[in-house]
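> Structure here, sequence nowhere to be found:
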């Protein structure tokens, strides 16, 4: 129960950040791909500055989780094909729908109901990937 | 203070806050990745009967589904209680560029009416385009093993090469769509 509340509140914070930062705005995504403003690069860049420093701290100081366990960051599987091909397909969708998975949820909550179509289509895309997976280069 | 919250949040506040969400999840023994929820939802509605990719203990991902419900509620709270004007003040260049493709509310809205209004849902072309966009997001993020949160934020923070390759793909795809495919779709 306490965990449910914890993740619910963290998710609420994330949703508010996505909306208020305008990272959930289709217009901001188009502007980013037009290189017309620093805003989205600033969001991702400043998140990464904090993220890289924090990760290094966690590793060098061997910090533990809240529950006292060692923090293990699983490395991504080696390779490049699935990352490049999958990433490019994702990018095509990101440029068209103007929303990545987090903002899709947030925009539905904000009352933009056509995003339900985007979510259902994303689920369909995930399902089709699962079916085709054995036949795709990884 | 209240005024600063009601206005759009600047990038130097938003970025570190996103990183804080990631670290809170890491210190909770979890990881930050939104597209994993799409796989979990596929498994939860019976996808595990269709193929091996959806045969996993999806209930172990329950925390992330709850996080997503939070992300939905956060959107509701942000637009109803934490915003006065939701028009996104994008650059003049982008506004001009978008207007030539008929996105006339550029600079005056959060999302373009042409794609995301209820009227647009009854237009087969715009319905088809947002569905195609969503399909590619779902297919591509799973193929790449993550989306913006899993690769661009979490993976790059951990200096992982696969995530850098994925993010290069994200931008290659986005640039291709906006610069080469938009003129075909919206001219």
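Structure received. What you are looking at is a predicted structure, and each value in this text was computed from that prediction instead of being measured.

> tell me the secondary structure for residue 86?
Defaulting to chain A. Three-state assignment for residue A:86 (DSSP: H, G, I helix; E, B strand; the rest coil): helix.

> That was the other one, I meant chain B.
coil.

> If I look at it, what pLDDT would I see?
Reading off the confidence values, residue B:86 has pLDDT 97.

> Find the nearest non-adjacent residue to it, please.
Once flanking residues are discounted, residue B:86 sits nearest to residue B:110: 4.5 Å by Cβ to Cβ, 6 or more residues apart in numbering or on different chains. Bear in mind the C-beta positions are built from the backbone N, C-alpha and C, glycine included.

> For residue B:18, which residues are in contact?
In this structure, residue B:18 makes contact with A:14, A:17, A:21, A:43, A:47, B:153, judged by Cβ atoms under 8 Å, 6 or more residues apart in numbering or on different chains.

> change it to 7 Å
Contact analysis of residue B:18 by Cβ atoms under 7 Å, 6 or more residues apart in numbering or on different chains lists A:17, A:47, B:153.

> before we move on, what about residue B:101?
Residue B:101 neighbours (Cβ under 7 Å, 6+ apart): B:182, B:186-187.

> picking up where we left off before, correct me, but the residue nearest to residue B:86 touches residue B:88?
Yes - look at residue B:110 against residue B:88 with Cβ atoms under 7 Å: they come within range, at 5.7 Å.

> Give me the common contacts of these two.
In contact with both residue B:110 and residue B:88: residue A:25, using Cβ under 7 Å, 6+ apart.

> Need the residue closest to the centroid of chain B.
Taking Cα atoms, centre = their mean, the centroid of chain B lies closest to residue B:148, which sits 7.5 Å from it.

> check contacts around that residue.
Contacts of residue B:148 by Cβ under 7 Å, 6+ apart are residue A:100.

> One more: residue A:133?
By Cβ under 7 Å, 6+ apart, the contact set of residue A:133 is residue B:53.

> Please apply the same query to residue B:107.
Contacts here follow Cβ under 7 Å, 6+ apart; on that basis residue B:107 touches B:87, B:89-90, B:95.

> now with 10 Å?
A:27, B:87-92, B:94-96, B:98-99 (Cβ atoms under 10 Å, 6 or more residues apart in numbering or on different chains).

> which of those residues sit farthest apart?
B:87 and B:96 (16.5 Å; Cβ to Cβ).

> and the spatially closest residue to residue B:134 that is not a sequence neighbour, helix, strand or coil?
Leaving out its chain neighbours, the residue that sits closest to residue B:134 by Cβ to Cβ, 6+ apart is residue A:121, at 3.2 Å. At residue A:121 the chain is in helix, as set by three-state DSSP.

> Next, count neighbours for residue 85.
Picking chain A for this. 20 (other Cβ atoms under 10 Å in any protein chain shown).

> my question was about chain B
Residue B:85 has 11 neighbours, counted by other Cβ under 10 Å.

> residue contacts, it?
Here residue B:85 is in contact with B:6-8, B:108, B:110 (criterion: Cβ under 10 Å, 6+ apart).

> Check what pLDDT the residue nearest to residue B:134 gets.
At residue A:121, pLDDT is 98.

> Quick one: mean pLDDT for the helix or strand containing residue B:163?
Residue B:163 is part of helix B:161-176, with elements assigned from DSSP states H and E. For helix B:161-176, mean pLDDT rounds to 98.

> Quick one: distance of it to the chain centre.
15 Å (Cα atoms, centre = their mean, to the nearest Å).

> And for stretch B:51-63?
The mean C-alpha position of stretch B:51-63 is separated from the chain mean by 22 Å, Cα atoms, centre = their mean.

> Is it positioned near chain A?
Yes - judged by Cβ under 10 Å from any Cβ of the partner chain, stretch B:51-63 comes into contact with chain A at B:51-55, B:62-63.

> For residue 2, grab the count of nearby residues.
Since no chain was named, I'll use chain A. Quick note: residue A:2 (other Cβ under 10 Å) scores 5 neighbours.

> Chain B, not that one
7.

> Out of the contacts of residue B:107, grab the one that's most surrounded.
Within these, residue A:27 tops the neighbour count with 26 neighbours, counted by other Cβ under 10 Å.
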